[in-house]
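# no FASTA, just this:
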Ligand SMILES: Cc1cc2nc3c(=O)[nH]c(=O)nc-3n(C[C@H](O)[C@H](O)[C@H](O)COP(=O)(O)OP(=O)(O)OC[C@H]3O[C@@H](n4cnc5c(N)ncnc54)[C@H](O)[C@@H]3O)c2cc1C
Ligand code: SF4
Ligand code: SF4
């Protein structure tokens, strides 16, 4: 009796834990399983979360895990020239994810969700309309059952594949990420209140390199590059650090992180019989900057709405569950698809284009853009004026903005 | 045939698992396992790995010789 649940969530990351709290609040009997012995580390993340997500999710920033308020972004062109977009108000936070996820877990457990760590899901099998989940807890094999499984098991998801749904990513749609958390950085040479992003085909092919400040003189210093590159992400990051002694000369590495980021190969269908796929497992990330914390949590919450309906109707068929896919695309996915198009255009920018933009935009222009004072048409007018001499760029940007 | 993992380099991030077209890799907490009987030598994981911890067996042997 005890091993029967209404919903089994595999993966105690942001998507799984957020979904667990929502489902438990709706009085579903929920089990969360994670293979790690500790919720949180190792992080596969630069930990930036925009203020919009706090509002959308109804999440209150807490000093214990929202450790660094961020006021804007500084974009650095290949020439070294920077564009700063900053507002007076807080625009987001850099999190301490290991603490954040513990908080999410505690909140979910408080609502009645059961969480088990060091529990690797080895197999899932449908038996008479119910799924039997085989779990290796320490060395003991245990079985749990539920009519509905949520695959919240991250980018390397295998749970959906166990239930016959292929969630593997294609190389073109992936970024390879590598990061050091570093301390004792020289704060004179990067913006401590901004997300610092460096562009250029030499620095970061098809991606960007970042310094996301996280407490005084400490930051996540990382890179995401196309997964099809010959050289590794680590190679490019080490090269950058060596080339910038002003920032890094006296710094120490206090954490090494790696990971993959699905940047655009959306799963067309996030469900199958008895299965909902959310978060990175469902390729739910922003195709332009790769952020996925907020999107994963929202996706988890939308999936729970369908889970509650399925529970009431006692219907866990693929057909019934498909309303989740529909809802998700209507509320988030279609917008992300548009951003994917934009990224494909941005990929066409050459280093010379970037340098030109960085030279020609004024501080006032940037403030207006950052402050949300301009609509799309005005932005095109502005860029249009700047870019008279570079018609190729106008074509690209007019589609983007 | 198949791939070889350099365990001293591997950061157990799962990037390789996410991209393997034949689902022959598995990350169990910190330990990556590969079923080399299923591997089709496509090299997707070799390119994907952020730290260069994966090499085709063939390549490794060639180097060793
Ligand atoms: C280098 C890098 C930088 C990033 N930077 C940012 C950023 O700044 N901002 C942002 O918003 N996003 C960022 N992201 C993306 C973000 O980290 C992810 O989108 C987010 O973590 C997805 O959450 P999730 O809940 O879907 O999966 P995860 O957080 O990956 O959680 C999945 C969980 O499932 C567990 N699991 C997997 N398989 C099993 C199994 N078989 N049995 C039991 N448990 C299992 C895992 O142990 C893990 O805990 C970054 C990603 C990378 C790689
Ligand atoms: S991609 Fe590389 S570092 Fe990550 S788990 Fe695979 S072998 Fe290890
Ligand atoms: S070479 Fe291809 S098939 Fe073999 S493990 Fe790597 S990704 Fe999988």
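Here it is on my side, so go on. All values reported here derive from a predicted model rather than from experimental measurement. Residues are numbered from 1 along each chain as shown, chains lettered A, B, ... in the order given. Ligands and ions are numbered 1, 2, ... in the order given.

# nearest residue to residue B:13 in space, please, no chain neighbours.
Sequence neighbours aside, residue A:258 is the residue nearest to residue B:13 in space, at 3.8 Å (criterion: C-beta to C-beta, 6 or more residues apart in numbering or on different chains). (C-beta placed from N, C-alpha, C; glycine too.)

# quick one: contacts for that neighbour?
A:44, A:177, A:178, A:179, A:233, A:234, B:11, B:13, B:15, B:50, B:51 (C-beta atoms under 8 Å, 6 or more residues apart in numbering or on different chains).

# buried residues, stretch A:108-122. List them.
A:108, A:109, A:111, A:113, A:114, A:115, A:117, A:119, A:120, A:121 (16 or more other C-beta atoms under 10 Å in any protein chain shown).

# quick check, nearest of those to residue A:5?
Nearest to residue A:5 out of the buried residues of stretch A:108-122 is residue A:114 (C-beta to C-beta; 7.8 Å).

# quick one: the closest residue in space to that closest one that isn't next to it in sequence and residue A:150, what's the gap?
Distances taken as C-beta to C-beta, 6+ apart put residue A:31 closest to residue A:114, at 5.0 Å, once the chain neighbours are dropped. Separation of residue A:31 from residue A:150 (C-beta to C-beta, to the nearest Å): 10 Å.

# hey, what's the spatially most central residue of chain B bridged with?
By C-alpha atoms, centre = their mean, chain B has its centre lying nearest to residue B:54, at 4.4 Å. Per DSSP bridges, the residues bridged to residue B:54 are residue B:5.

# distance of it from residue A:327?
38 Å.

# which parts of the stretch 51-200 of chain A are strands?
In the stretch 51-200 of chain A, the strands defined using DSSP state E, counting those that start in this stretch lie at A:66-70, A:72-76, A:82-86, A:92-95, A:114-116, A:119-127, A:130-137, A:140-146, A:149-151, A:174-183, A:194-198.

# among these, which is the most enclosed?
Counting by mean count of other C-beta atoms under 10 Å in any protein chain shown, strand A:149-151 has the highest mean neighbour count of those, with a mean of 29.

# re the thing from before, of the contacts of residue A:258, list those near ligand 1.
Restricting these to those near ligand 1 by C-beta under 6 Å from any ligand atom leaves A:44, A:177, A:179.

# secondary structure class for the first one?
Following DSSP: H, G, I helix; E, B strand; the rest coil, residue A:44 is assigned to coil.

# quick one, what contacts it?
Shown in contact with residue A:44 (C-beta under 8 Å, 6+ apart): A:154, A:155, A:177, A:257, A:258, A:259, A:260, B:13, B:14.

# can we see that at 7 Å?
A:257, A:258, A:259, B:13 (C-beta atoms under 7 Å, 6 or more residues apart in numbering or on different chains).

# about what we covered before: and the residue nearest to the centre of chain B, how far is that from chain A?
Applying C-beta to the nearest C-beta, to the nearest Å, the value for residue B:54 to chain A is 10 Å.

# my guess is that residue meets residue B:47, correct?
No. Under the criterion of C-beta atoms under 7 Å, residue B:54 makes no contact with residue B:47, lying 9.0 Å away.
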